[in-house]
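Asks: quick one, structure for this:
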Amino acid sequence: MFAVRGGRSGKGLKSVKARKPAPYRAPSLADDGLMILPRPARRMMRFVIALCSGKVAVPEHLGKVSFAAYVVAVAGFGIVRGGHWPDFAEAMTSTAGFAVEDVKLSGNVHTSEIDVLQSLGLDGATSLVAINADDARRKVAALPWVEQVEVRKIYPRTIEVNIKEREAYGIWQHGSDLSLIEKDGSIIAPLRDNKFATLPLFVGRDAEAAAQDIAGEFAAWPKITGRVKAYVRVASRRWDLYLDNGVVVKLPEDDVDAAMARLAKMDADQQLLDRDIAAVDLRLSDRMTVQLTPEALARRQAAVTARAKALAKAEKET
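Replies: Here you go, the predicted model:
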(Lines give C-alpha, C1' and ligand atoms only; values in the text may rest on other atoms or scores of the structure.)
Protein backbone atom coordinates (compact mmCIF):
# COMPACT_ATOMS: atom_id res chain seq x y z
CA MET A 1 0.00 0.00 0.00
CA PHE A 2 1.04 3.48 -0.65
CA ALA A 3 0.65 6.41 1.70
CA VAL A 4 0.33 9.99 0.61
CA ARG A 5 1.81 12.57 2.80
CA GLY A 6 1.80 16.24 2.46
CA GLY A 7 5.05 18.09 2.03
CA ARG A 8 6.32 21.04 3.86
CA SER A 9 5.10 23.36 1.20
CA GLY A 10 1.54 22.44 2.24
CA LYS A 11 0.74 21.02 -1.17
CA GLY A 12 -1.20 17.83 -1.39
CA LEU A 13 -4.51 16.32 -2.32
CA LYS A 14 -7.69 18.19 -1.39
CA SER A 15 -10.52 16.38 0.39
CA VAL A 16 -13.75 16.02 -1.55
CA LYS A 17 -17.16 16.18 0.26
CA ALA A 18 -19.79 13.74 -0.80
CA ARG A 19 -22.99 15.24 -2.35
CA LYS A 20 -26.49 13.95 -1.53
CA PRO A 21 -28.43 12.68 -4.50
CA ALA A 22 -31.49 14.84 -5.62
CA PRO A 23 -34.93 13.46 -4.67
CA TYR A 24 -36.88 11.67 -7.37
CA ARG A 25 -39.59 13.76 -9.12
CA ALA A 26 -42.10 12.12 -11.34
CA PRO A 27 -42.59 13.71 -14.76
CA SER A 28 -45.68 16.01 -15.06
CA LEU A 29 -47.68 17.77 -17.75
CA ALA A 30 -45.87 21.00 -16.94
CA ASP A 31 -42.74 19.44 -18.34
CA ASP A 32 -44.51 19.20 -21.68
CA GLY A 33 -45.74 22.86 -21.54
CA LEU A 34 -49.39 22.00 -20.75
CA MET A 35 -51.69 23.99 -18.29
CA ILE A 36 -52.26 22.43 -14.89
CA LEU A 37 -55.83 22.84 -13.53
CA PRO A 38 -56.40 23.96 -9.92
CA ARG A 39 -57.13 21.24 -7.41
CA PRO A 40 -60.97 21.88 -7.21
CA ALA A 41 -61.18 21.88 -11.00
CA ARG A 42 -59.25 18.63 -11.19
CA ARG A 43 -61.66 17.04 -8.75
CA MET A 44 -64.59 18.26 -10.83
CA MET A 45 -62.99 16.95 -14.00
CA ARG A 46 -62.43 13.53 -12.43
CA PHE A 47 -66.08 13.48 -11.31
CA VAL A 48 -67.30 14.35 -14.81
CA ILE A 49 -65.12 11.64 -16.35
CA ALA A 50 -66.40 9.12 -13.80
CA LEU A 51 -70.00 10.19 -14.45
CA CYS A 52 -69.62 9.85 -18.21
CA SER A 53 -67.93 6.48 -17.89
CA GLY A 54 -70.71 5.11 -15.68
CA LYS A 55 -68.64 4.71 -12.56
CA VAL A 56 -70.99 7.09 -10.63
CA ALA A 57 -74.63 6.12 -10.21
CA VAL A 58 -77.18 8.84 -11.24
CA PRO A 59 -80.31 9.24 -9.03
CA GLU A 60 -83.46 7.94 -10.64
CA HIS A 61 -85.45 11.23 -10.82
CA LEU A 62 -82.57 13.65 -11.22
CA GLY A 63 -83.54 14.51 -14.79
CA LYS A 64 -87.11 15.37 -13.88
CA VAL A 65 -86.05 17.45 -10.89
CA SER A 66 -83.45 19.27 -12.96
CA PHE A 67 -85.96 20.04 -15.71
CA ALA A 68 -88.51 21.29 -13.17
CA ALA A 69 -85.88 23.50 -11.54
CA TYR A 70 -84.94 24.87 -14.96
CA VAL A 71 -88.56 25.69 -15.81
CA VAL A 72 -89.10 27.40 -12.44
CA ALA A 73 -85.91 29.43 -12.85
CA VAL A 74 -86.83 30.57 -16.35
CA ALA A 75 -90.40 31.42 -15.32
CA GLY A 76 -89.20 33.31 -12.24
CA PHE A 77 -86.71 35.27 -14.30
CA GLY A 78 -89.42 36.18 -16.81
CA ILE A 79 -91.82 37.29 -14.06
CA VAL A 80 -89.25 39.47 -12.34
CA ARG A 81 -87.80 40.82 -15.59
CA GLY A 82 -91.23 41.69 -16.93
CA GLY A 83 -92.30 43.49 -13.74
CA HIS A 84 -95.08 41.01 -12.96
CA TRP A 85 -93.77 39.91 -9.58
CA PRO A 86 -96.22 42.03 -7.47
CA ASP A 87 -99.21 40.67 -9.41
CA PHE A 88 -97.87 37.14 -9.19
CA ALA A 89 -97.24 37.40 -5.44
CA GLU A 90 -100.69 38.89 -4.86
CA ALA A 91 -102.38 36.14 -6.85
CA MET A 92 -100.48 33.43 -5.01
CA THR A 93 -101.13 34.80 -1.51
CA SER A 94 -104.76 35.55 -2.34
CA THR A 95 -105.24 31.98 -3.51
CA ALA A 96 -103.55 30.77 -0.34
CA GLY A 97 -106.32 32.34 1.78
CA PHE A 98 -105.14 35.93 2.37
CA ALA A 99 -107.70 37.72 0.17
CA VAL A 100 -109.28 40.74 1.92
CA GLU A 101 -112.87 39.85 2.80
CA ASP A 102 -113.71 42.31 5.58
CA VAL A 103 -113.11 46.07 5.91
CA LYS A 104 -113.82 47.56 9.33
CA LEU A 105 -114.40 51.30 8.82
CA SER A 106 -115.00 53.68 11.74
CA GLY A 107 -115.11 57.43 12.36
CA ASN A 108 -116.56 58.35 8.97
CA VAL A 109 -119.61 60.62 8.75
CA HIS A 110 -119.23 62.44 5.44
CA THR A 111 -116.79 59.96 3.87
CA SER A 112 -118.56 57.07 2.17
CA GLU A 113 -117.39 53.48 2.46
CA ILE A 114 -117.29 53.22 -1.33
CA ASP A 115 -114.78 56.08 -1.54
CA VAL A 116 -112.55 54.35 1.00
CA LEU A 117 -112.71 51.01 -0.83
CA GLN A 118 -111.92 52.68 -4.14
CA SER A 119 -108.98 54.57 -2.67
CA LEU A 120 -107.58 51.29 -1.30
CA GLY A 121 -108.10 49.57 -4.64
CA LEU A 122 -109.93 46.58 -3.15
CA ASP A 123 -111.62 44.40 -5.77
CA GLY A 124 -112.50 41.24 -3.88
CA ALA A 125 -109.28 39.44 -4.83
CA THR A 126 -106.77 41.80 -3.26
CA SER A 127 -104.28 40.03 -1.02
CA LEU A 128 -103.77 41.36 2.48
CA VAL A 129 -100.09 40.45 2.21
CA ALA A 130 -99.67 42.67 -0.86
CA ILE A 131 -101.22 45.77 0.79
CA ASN A 132 -98.73 48.33 2.04
CA ALA A 133 -100.22 49.98 5.13
CA ASP A 134 -98.33 53.27 4.63
CA ASP A 135 -99.46 53.56 1.00
CA ALA A 136 -103.03 52.74 2.00
CA ARG A 137 -102.90 55.40 4.70
CA ARG A 138 -101.73 58.06 2.23
CA LYS A 139 -104.45 57.15 -0.27
CA VAL A 140 -107.26 57.37 2.30
CA ALA A 141 -105.82 60.61 3.73
CA ALA A 142 -106.15 62.18 0.27
CA LEU A 143 -109.96 62.01 0.50
CA PRO A 144 -111.53 65.49 1.04
CA TRP A 145 -113.03 65.02 4.51
CA VAL A 146 -110.22 62.94 6.04
CA GLU A 147 -108.00 64.74 8.55
CA GLN A 148 -106.26 61.72 10.08
CA VAL A 149 -106.44 58.00 9.34
CA GLU A 150 -105.07 54.77 10.77
CA VAL A 151 -104.83 51.60 8.67
CA ARG A 152 -104.17 48.19 10.25
CA LYS A 153 -103.87 44.76 8.66
CA ILE A 154 -105.45 41.97 10.69
CA TYR A 155 -104.48 38.58 9.32
CA PRO A 156 -105.65 36.61 7.56
CA ARG A 157 -108.45 38.53 5.78
CA THR A 158 -109.33 41.83 7.53
CA ILE A 159 -108.24 45.44 7.14
CA GLU A 160 -109.19 48.09 9.71
CA VAL A 161 -109.52 51.80 8.81
CA ASN A 162 -110.10 54.42 11.53
CA ILE A 163 -110.86 57.94 10.24
CA LYS A 164 -110.96 61.33 11.93
CA GLU A 165 -112.83 63.80 9.74
CA ARG A 166 -112.46 67.54 9.33
CA GLU A 167 -115.07 69.86 10.84
CA ALA A 168 -117.00 72.25 8.62
CA TYR A 169 -117.08 75.81 10.00
CA GLY A 170 -118.76 77.76 7.22
CA ILE A 171 -119.46 78.14 3.52
CA TRP A 172 -117.24 80.28 1.35
CA GLN A 173 -118.65 81.81 -1.81
CA HIS A 174 -116.00 82.78 -4.34
CA GLY A 175 -117.57 83.90 -7.59
CA SER A 176 -120.35 81.44 -8.33
CA ASP A 177 -118.69 78.54 -6.50
CA LEU A 178 -119.53 77.41 -2.98
CA SER A 179 -117.04 75.51 -0.82
CA LEU A 180 -117.08 74.15 2.71
CA ILE A 181 -114.24 75.51 4.84
CA GLU A 182 -112.68 74.79 8.21
CA LYS A 183 -112.26 77.41 10.91
CA ASP A 184 -108.75 78.26 9.70
CA GLY A 185 -110.06 78.86 6.18
CA SER A 186 -108.87 75.59 4.66
CA ILE A 187 -111.16 74.34 1.91
CA ILE A 188 -112.71 70.93 2.61
CA ALA A 189 -114.82 70.20 -0.45
CA PRO A 190 -117.32 71.83 -2.81
CA LEU A 191 -120.82 72.28 -1.39
CA ARG A 192 -123.05 69.58 -2.89
CA ASP A 193 -126.25 69.53 -0.82
CA ASN A 194 -128.36 71.51 1.64
CA LYS A 195 -127.44 69.70 4.85
CA PHE A 196 -124.93 72.47 5.64
CA ALA A 197 -127.40 75.30 5.03
CA THR A 198 -127.30 76.37 8.68
CA LEU A 199 -123.59 77.25 8.49
CA PRO A 200 -122.66 80.92 8.09
CA LEU A 201 -121.86 82.14 4.60
CA PHE A 202 -118.64 84.05 3.93
CA VAL A 203 -118.46 85.98 0.67
CA GLY A 204 -115.62 87.74 -1.08
CA ARG A 205 -111.89 87.56 -1.58
CA ASP A 206 -109.93 86.58 1.55
CA ALA A 207 -113.22 85.99 3.38
CA GLU A 208 -112.27 82.37 4.11
CA ALA A 209 -108.98 83.44 5.73
CA ALA A 210 -110.63 86.13 7.88
CA ALA A 211 -113.50 83.85 8.90
CA GLN A 212 -111.57 82.43 11.86
CA ASP A 213 -111.78 85.82 13.64
CA ILE A 214 -115.56 86.09 13.32
CA ALA A 215 -116.40 84.01 16.39
CA GLY A 216 -114.25 86.11 18.70
CA GLU A 217 -115.01 89.43 17.06
CA PHE A 218 -118.79 89.18 17.38
CA ALA A 219 -119.07 86.92 20.42
CA ALA A 220 -120.45 89.76 22.58
CA TRP A 221 -123.42 90.36 20.26
CA PRO A 222 -125.24 87.02 19.93
CA LYS A 223 -128.65 88.63 19.37
CA ILE A 224 -127.42 90.34 16.22
CA THR A 225 -125.08 87.64 14.93
CA GLY A 226 -127.88 85.11 15.35
CA ARG A 227 -129.69 86.94 12.55
CA VAL A 228 -126.70 87.13 10.21
CA LYS A 229 -127.05 85.07 7.03
CA ALA A 230 -123.86 86.17 5.30
CA TYR A 231 -120.60 87.90 6.14
CA VAL A 232 -119.39 89.79 3.09
CA ARG A 233 -115.73 90.80 2.99
CA VAL A 234 -115.24 94.25 1.40
CA ALA A 235 -111.84 95.09 -0.13
CA SER A 236 -110.18 92.56 2.22
CA ARG A 237 -110.52 95.15 5.02
CA ARG A 238 -113.97 95.11 6.62
CA TRP A 239 -117.30 93.27 6.88
CA ASP A 240 -120.84 93.88 5.72
CA LEU A 241 -123.44 91.86 7.64
CA TYR A 242 -126.47 90.63 5.69
CA LEU A 243 -129.33 89.89 8.11
CA ASP A 244 -132.14 87.40 7.67
CA ASN A 245 -134.66 90.20 6.86
CA GLY A 246 -132.48 91.72 4.13
CA VAL A 247 -130.99 94.56 6.18
CA VAL A 248 -127.31 95.25 5.47
CA VAL A 249 -125.10 96.46 8.33
CA LYS A 250 -121.93 98.19 7.09
CA LEU A 251 -119.20 97.93 9.71
CA PRO A 252 -116.02 100.01 9.92
CA GLU A 253 -112.53 98.65 9.36
CA ASP A 254 -111.46 99.43 12.93
CA ASP A 255 -113.19 99.59 16.32
CA VAL A 256 -115.91 97.12 15.42
CA ASP A 257 -116.92 96.75 19.07
CA ALA A 258 -117.93 100.42 19.37
CA ALA A 259 -119.96 100.22 16.16
CA MET A 260 -121.73 97.04 17.28
CA ALA A 261 -122.46 98.62 20.67
CA ARG A 262 -124.20 101.59 18.98
CA LEU A 263 -126.18 99.26 16.73
CA ALA A 264 -127.25 97.08 19.67
CA LYS A 265 -128.40 100.14 21.64
CA MET A 266 -130.45 101.53 18.73
CA ASP A 267 -132.02 98.17 18.15
CA ALA A 268 -132.88 97.72 21.84
CA ASP A 269 -134.35 101.24 22.15
CA GLN A 270 -136.11 101.62 18.81
CA GLN A 271 -136.17 98.13 17.22
CA LEU A 272 -134.10 99.57 14.40
CA LEU A 273 -133.34 96.29 12.65
CA ASP A 274 -137.03 95.32 12.49
CA ARG A 275 -138.07 98.47 10.67
CA ASP A 276 -138.56 98.96 6.96
CA ILE A 277 -134.94 99.85 6.23
CA ALA A 278 -132.41 98.64 3.67
CA ALA A 279 -129.08 99.36 5.35
CA VAL A 280 -127.37 100.77 8.41
CA ASP A 281 -124.03 102.48 7.80
CA LEU A 282 -121.70 102.47 10.82
CA ARG A 283 -118.44 103.22 9.01
CA LEU A 284 -118.18 106.71 10.52
CA SER A 285 -117.59 106.79 14.26
CA ASP A 286 -119.54 110.03 14.88
CA ARG A 287 -122.74 109.22 13.02
CA MET A 288 -125.09 106.47 11.92
CA THR A 289 -126.73 106.53 8.50
CA VAL A 290 -129.93 104.61 7.83
CA GLN A 291 -131.02 103.82 4.29
CA LEU A 292 -134.72 103.19 3.72
CA THR A 293 -136.14 100.63 1.35
CA PRO A 294 -137.67 101.99 -1.87
CA GLU A 295 -141.19 101.35 -0.52
CA ALA A 296 -140.44 103.07 2.76
CA LEU A 297 -138.81 105.95 0.91
CA ALA A 298 -141.88 106.34 -1.31
CA ARG A 299 -144.14 106.33 1.73
CA ARG A 300 -141.94 108.87 3.46
CA GLN A 301 -141.90 111.14 0.43
CA ALA A 302 -145.66 110.88 0.18
CA ALA A 303 -145.99 111.73 3.86
CA VAL A 304 -143.66 114.72 3.50
CA THR A 305 -145.58 115.94 0.46
CA ALA A 306 -148.90 115.58 2.25
CA ARG A 307 -147.54 117.41 5.27
CA ALA A 308 -146.27 120.24 3.09
CA LYS A 309 -149.68 120.59 1.45
CA ALA A 310 -151.39 120.58 4.81
CA LEU A 311 -149.10 123.36 6.06
CA ALA A 312 -149.66 125.40 2.91
CA LYS A 313 -153.43 125.05 3.24
CA ALA A 314 -153.30 126.06 6.87
CA GLU A 315 -151.32 129.16 5.97
CA LYS A 316 -153.89 130.16 3.33
CA GLU A 317 -156.76 129.75 5.76
CA THR A 318 -155.05 131.97 8.27
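Asks: residue boundaries of the helices in the chain?
Replies: 39-53, 62-81, 85-93, 113-120, 133-141, 207-210, 214-217, 222-225, 256-270, 294-317 (DSSP state H).
Asks: name the surrounding residues that touch stretch 101-112.
Replies: 113, 116-117, 120, 122, 143-146, 157-165 (Cβ atoms under 8 Å, 6 or more residues apart in numbering). All C-beta spots, glycine's among them, are computed from the backbone N, C-alpha and C.
Asks: which among the residues you listed end up buried?
Replies: Using 16 or more other Cβ atoms under 10 Å as the burial test, the contacts of stretch 101-112 include 116-117, 120, 122, 143, 145-146, 159, 161, 163, 165 as buried.
Asks: worst average pLDDT in the helices of the chain?
Replies: Here the lowest mean pLDDT among the helices of the chain goes to helix 85-93, at a mean of 55.
Asks: quick revisit: farthest-apart pair in the buried ones among the contacts of stretch 101-112, please.
Replies: Greatest spatial distance among the buried ones among the contacts of stretch 101-112 (Cβ to Cβ): 122 and 165, at 20.6 Å.
Asks: for the residue lying closest to residue 215 once chain neighbours are set aside, give me its contacts.
Replies: Distances taken as Cβ to Cβ, 6 or more residues apart in numbering put residue 183 closest to residue 215, at 7.8 Å, once the chain neighbours are dropped. Counting by Cβ under 8 Å, 6+ apart, residue 183 makes contact with 167, 169, 211-212, 215.
Asks: same thing with residue 243?
Replies: 224, 227-229, 249, 273.
Asks: among those, which pair sits farthest apart?
Replies: So for those, where distance means Cβ to Cβ, the most widely separated pair is 229 and 273, at 12.9 Å.
Asks: and these two? Which one has more around it.
Replies: More crowded of residue 229 and residue 273, by other Cβ atoms under 10 Å: residue 273, with 19 against 12.
Asks: excluding chain neighbours, what is closest to that one?
Replies: Per Cβ to Cβ, 6+ apart, closest to residue 273 is residue 267, 4.9 Å.
Asks: can you count the residues close to the one you found?
Replies: Around residue 267 there are 18 residues (other Cβ under 10 Å).
Asks: what sits against it?
Replies: Contacts of residue 267 (Cβ under 8 Å, 6+ apart): 223-224, 273-274.
Asks: name the nearest residue to residue 147, sequence neighbours excluded.
Replies: Residue 147 sits nearest to residue 166 (Cβ to Cβ, 6+ apart), 4.6 Å away.
Asks: likewise for residue 294?
Replies: Nearest to residue 294 is residue 278, by Cβ to Cβ, 6+ apart, at 8.0 Å.
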